[in-house]
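task: produce atomic coordinates for the following.
(2 chains, ligands or ions: 2)
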Amino acid sequence: MTKLLEWLFGVSLVGAVWALVTFDLLDLSLPKTYREVAWPMPLYLLVSFGCYSLATVGYRVATFNDCEEAAKELQGQIKEAKEDLRKKGLKM
Amino acid sequence: MASRKTSPPNRDSGDKYSVLLPTYNERENLPLIVWLLVKYFGESGYNYEVIVIDDGSPDGTLEVAQQLQKIYGEDKILLRPRAKKLGLGTAYIHGMKHATGNFVIIMDADLSHHPKFIPEFIEKQKEGNYDLVSGTRYQGNGGVYGWDLRRKLISRGANFLTQVLLRPGASDLTGSFRLYKKKVLESLVERCVSKGYVFQMEMIVRARQLNYTVGEVPISFVDRVYGESKLGGNEIVSFVKGLLTLFATT
Ligand SMILES: Nc1nc2c(ncn2[C@@H]2O[C@H](COP(=O)(O)OP(=O)(O)OP(=O)(O)O)[C@@H](O)[C@H]2O)c(=O)[nH]1
Ligand SMILES: [Mg+2]
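Numbers count the residues shown, from 1 in each chain, chains lettered A, B, ... in the order given. Ligands and ions are numbered 1, 2, ... in the order given. Predicted coordinates:
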């Protein structure tokens, strides 16, 4: 199953359950509070997922390592390499 | 029992590592990356070869590569040039055909991938007998140097989106510093259809699909010092296209 199908499957499953509860399609005569809670649920889910995404990405951007050390080390090694290669007869 | 493992004389393990270095206008970087490769392979003692795949660089990269071959020997530096620029994906395929090692390491020649991580890749591979080991900028001590906030944001955002949509089981999909068992690389390359940038992403997604095991090693990615970026341009557009294609087909 492709990821697309997995997503479609998942979304329709959730959508079906939501419709069942909200519109009481099976005439289960669920208490009214169930319906009231279920009705705006998709919006809540969407908004909380959006917030979660923003927070996660924001946190990861803020904690993205800056490898100053690695850059410095590389600069030093470049110098060393150039000298050594010149000695070995490389013409750049 | 209490005997601590000292670093083994790796030369006798029977494993050989072929490093594929695709180059296009890397005259300044190539000698440096080769020097570093020789240094770290020398220190760790693993058996290796470096395969330079130059695509007719107008700046004379091939000529420099020939000099390096004289210095380090034809058994260590192999030249497999092509007449014109045919792209990165096919460069790997071309190089792989000539690889004699049972492991293949793929990396950029622009010094953004540091050879000091290769011994770590190898140890990681041995530790779990992984089919492939991928360098990751997004975990542990991994990171980047020379990126502004905008680039970090795009990188992290794109990575998050990919993780959500594809759940690939690896943290760095677009990085191209990896070690493969040669057989695994061959079977992956056969199946991968993307070009350029997305190729790396497809490789790891397909790896997961085929139930290959993936190990990860944090790496520091230092932006190229010399030369120009060849991909650039519409990177974001091609990334999104590639992501959606993989989303619909894998
Ligand atoms: N043989 C071959 N090598 C290539 C080609 N295009 C890029 N390369 C090499 O592939 C590696 C990665 O290319 P880069 O231009 O650094 O791409 P990038 O890392 O996304 O971009 P940067 O931000 O500049 O580092 C480098 O070693 C290039 O020299 C090509 O068409 N043929
Ligand atoms: Mg690069």
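
and the nearest residue to residue B:149 once chain neighbours are set aside, which helix or strand is it part of?
Counting by C-beta to C-beta, 6 or more residues apart in numbering or on different chains, residue A:61 is the residue found nearest to residue B:149 once chain neighbours are left out, at 7.2 Å. Placement of C-beta: from N, CA and C, glycine included. Per DSSP states H and E: residue A:61 is located in helix A:41-62.

give the buried residues for that helix.
By 16 or more other C-beta atoms under 10 Å in any protein chain shown, the buried positions in helix A:41-62 come out as A:57, A:60-61.

okay if I get the residues you listed as CSV plus pLDDT?
Shown next, in CSV, are those (pLDDT from 0 to 100):
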residue, pLDDT
A:57, 98
A:60, 97
A:61, 97
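
ok, those vs ligand 1, which is closest?
Nearest to ligand 1 out of the buried residues of helix A:41-62 is residue A:61 (C-beta to the nearest ligand atom; 18.5 Å).

domains in chain A, by residue range?
A:1-29, A:33-91 (the TED database).

so where's chain B uncertain?
Scanning chain B for pLDDT under 70 picks out B:1-9, B:228-233.

ok, and what's touching the helix or strand bottoming out on mean pLDDT in chain A?
Within chain A, no helix or strand scores below helix A:32-38, which has a mean of 87 by mean pLDDT, DSSP states H and E. Outside helix A:32-38, the residues within contact range by C-beta atoms under 8 Å, 6 or more residues apart in numbering or on different chains are A:18, A:21-22, A:24.

mind redoing it with 6 Å?
With C-beta atoms under 6 Å, 6 or more residues apart in numbering or on different chains as the test, helix A:32-38 has contacts from A:21-22.

next one: stretch B:198-212
Outside stretch B:198-212, the residues that reach it (C-beta under 6 Å, 6+ apart) are B:89, B:131-132, B:166, B:168-170, B:173-174, B:176, B:184, B:188, B:191-192, B:194, B:242, B:246, B:250.

what's the burial count for the closest residue to chain A within chain B?
The nearest approach of chain B to chain A comes at residue B:143, 2.6 Å away (C-beta to the nearest C-beta). For residue B:143, the count of nearby residues is 24 (other C-beta atoms under 10 Å in any protein chain shown).

pretty sure it is touching residue A:65, no?
Yes - the pair residue B:143 and residue A:65 passes the contact test of C-beta atoms under 6 Å, sitting 2.6 Å apart.

still on that earlier bit, so of the contacts of stretch B:198-212, which ones are in strands?
Among the contacts of stretch B:198-212, the ones falling in strands (DSSP state E) are residue B:132.

so which bits of stretch A:70-86 are buried?
A:70-71, A:74, A:77-78, A:81-82, A:85.

near chain B, from those?
Checking these against chain B by C-beta under 6 Å from any C-beta of the partner chain, the ones in range are A:70-71, A:74, A:78, A:81, A:85.

tell me how far the residue nearest in space to the middle of chain A lies from residue B:165.
Per C-alpha atoms, centre = their mean, the C-alpha nearest to the average position across chain A is that of residue A:53, at 6.1 Å. Residue A:53 is 12 Å from residue B:165, where distance means C-beta to C-beta, to the nearest Å.

also residue B:225?
Counting by C-beta to C-beta, the gap from residue B:225 to residue B:165 is 34 Å.

also residue A:25?
31 Å.

again with residue B:102
Distance, residue B:102 to residue B:165, by C-beta to C-beta: 34 Å.

residues of chain B that sit close to chain A?
Counting by C-beta under 6 Å from any C-beta, chain B sits next to chain A at B:31-32, B:35, B:67, B:71, B:143, B:145, B:152-153, B:156-157, B:160, B:166, B:220, B:222, B:247-248.

run the chain-centre distance for stretch A:71-83.
37 Å (C-alpha atoms, centre = their mean, to the nearest Å).

keeping just the C-alphas, turn it into PDB.
Extracted in PDB, the C-alpha atoms of stretch A:71-83 (Å, rounded to 0.1, in the frame of the first residue of the first chain):
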ATOM      1  CA  ALA A  71      34.600  24.400  10.600                       C
ATOM      2  CA  LYS A  72      37.700  25.400  12.400                       C
ATOM      3  CA  GLU A  73      39.200  21.900  12.400                       C
ATOM      4  CA  LEU A  74      38.500  21.800   8.700                       C
ATOM      5  CA  GLN A  75      40.300  25.100   8.000                       C
ATOM      6  CA  GLY A  76      43.300  23.800   9.900                       C
ATOM      7  CA  GLN A  77      43.400  20.600   8.000                       C
ATOM      8  CA  ILE A  78      43.000  22.400   4.700                       C
ATOM      9  CA  LYS A  79      46.200  24.300   5.400                       C
ATOM     10  CA  GLU A  80      48.000  21.200   6.500                       C
ATOM     11  CA  ALA A  81      46.800  19.300   3.400                       C
ATOM     12  CA  LYS A  82      47.900  22.000   1.000                       C
ATOM     13  CA  GLU A  83      51.400  22.100   2.500                       C
END
